[in-house]
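# I would like the atomic coordinates for the input below:
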Amino acid sequence: MTEPSQKRVLFVLTGNDRLGETGKPTGYHLAEVAHPWRVLTEAGVDIDLATPGGVAAPMDPGSHDLDDPDNRALLDDPEAARSLEAPRAVEDVDTERYDAIYFPGGHGTMWDLPDNRAVAGVTARMYEKGGMVAAVCHGPAALVNVRLADGAWLVAGHTVAAFTDEEEAAVGLDTSVPFLLASKLVEQGAHHRKAEDFAANVVIDGRLITGQNPSSARGVGEALRDALASAPVRHTA
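This is a model prediction of the structure:
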């Protein structure tokens, strides 16, 4: 049984494996899962993985870099590998069991997370109970359309980082994604803070931690680790 002092984080990954009408394969970005996973597990944090519907998490083939030791460590870990194949269903998640929720990116997130009521629900509940919400690159797509109990957008008034419109154009997918993520967050009242294209950029605004791109994944993991270390345990066993 988990000790009461041990923190627990829910990683919510995309279950979408197609880049919209292009039909090209996509999914979660491996490093955006692996880098925070390594940082947090080495700090003694428990991690569960979930997807909408509990479907197997598809990896974006373009992120399959096994020269990265953290990527290899994640895929070689038997428990992590099982969780990627058989994650929890977001619809069944009890947020009382977690101290934080984290959304890694990958273009897949742009299709199945923004309009998912279960994703919006667990995110709002996590934030409103005093937990932390973190996301990187396209992971902040999960924050789109999240409203708090008072009807306000979760991101309204917060400073955030996310994959920029310029980066989307640079990778040639600005006309393929259903919306431009950074612009959508700004529409909902967020203050978008960006760095140079593909440079690491982590923004901490209270209990909301966001990063701009894959280069920012480790920094988001470190920021979440540090925030958890100084926060009281907020989950039940």
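
# from now on I want contacts and neighbour counts done on CA atoms only, so please keep to that.
Noted.

# what about the strands in this protein?
Applying DSSP state E to the chain gives strands spanning 8-12, 46-51, 88-89, 100-103, 132-136, 159-160, 191-192, 202-205, 208-211.

# tell me which strands the fourth one pairs with, and in which orientation.
According to DSSP bridges, the neighbouring strands of strand 100-103, each with its direction, are strand 8-12 (parallel), strand 132-136 (parallel).

# just send the strands of the chain back as a markdown table, with distance to residue 184 and mean pLDDT too.
Listed next are these as a markdown table, based on distance: least, C-alpha to C-alpha, whole Å; pLDDT from 0 to 100:
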| stretch | distance to residue 184 | mean pLDDT |
| --- | --- | --- |
| strand 8-12 | 20 | 98 |
| strand 46-51 | 23 | 98 |
| strand 88-89 | 26 | 98 |
| strand 100-103 | 17 | 98 |
| strand 132-136 | 15 | 99 |
| strand 159-160 | 12 | 98 |
| strand 191-192 | 10 | 98 |
| strand 202-205 | 17 | 98 |
| strand 208-211 | 15 | 98 |
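
# so what's the residue sitting nearest the centre point of the chain up against?
Against the mean C-alpha coordinate of the chain, by C-alpha atoms, centre = their mean, the closest residue is residue 103 at 1.1 Å. By C-alpha atoms under 8 Å, 6 or more residues apart in numbering, the contact list for residue 103 reads 11, 12, 13, 134, 135, 136, 139, 140, 142.

# give the contact list for the fifth one.
Contacts were defined as C-alpha under 8 Å, 6+ apart; by that measure residue 135 touches 102, 103, 104, 105, 209, 210, 211, 220.

# hmm, back to that, now, which of the contacts of residue 103 sits nearest residue 90?
Ranked by distance to residue 90 (C-alpha to C-alpha), the contacts of residue 103 are led by residue 12 at 7.5 Å.

# for the closest one, give its distance to residue 142.
9 Å (C-alpha to C-alpha, to the nearest Å).

# picking up where we left off before, buried deepest among the strands paired with strand 100-103, which one?
By mean neighbour count, with neighbours taken as mean count of other C-alpha atoms under 10 Å, strand 132-136 ranks first of the strands paired with strand 100-103 at a mean of 28.

# from the chain's centroid, how far away is that one?
For strand 132-136, the separation from the chain centroid amounts to 6 Å (computed by C-alpha atoms, centre = their mean, to the nearest Å).
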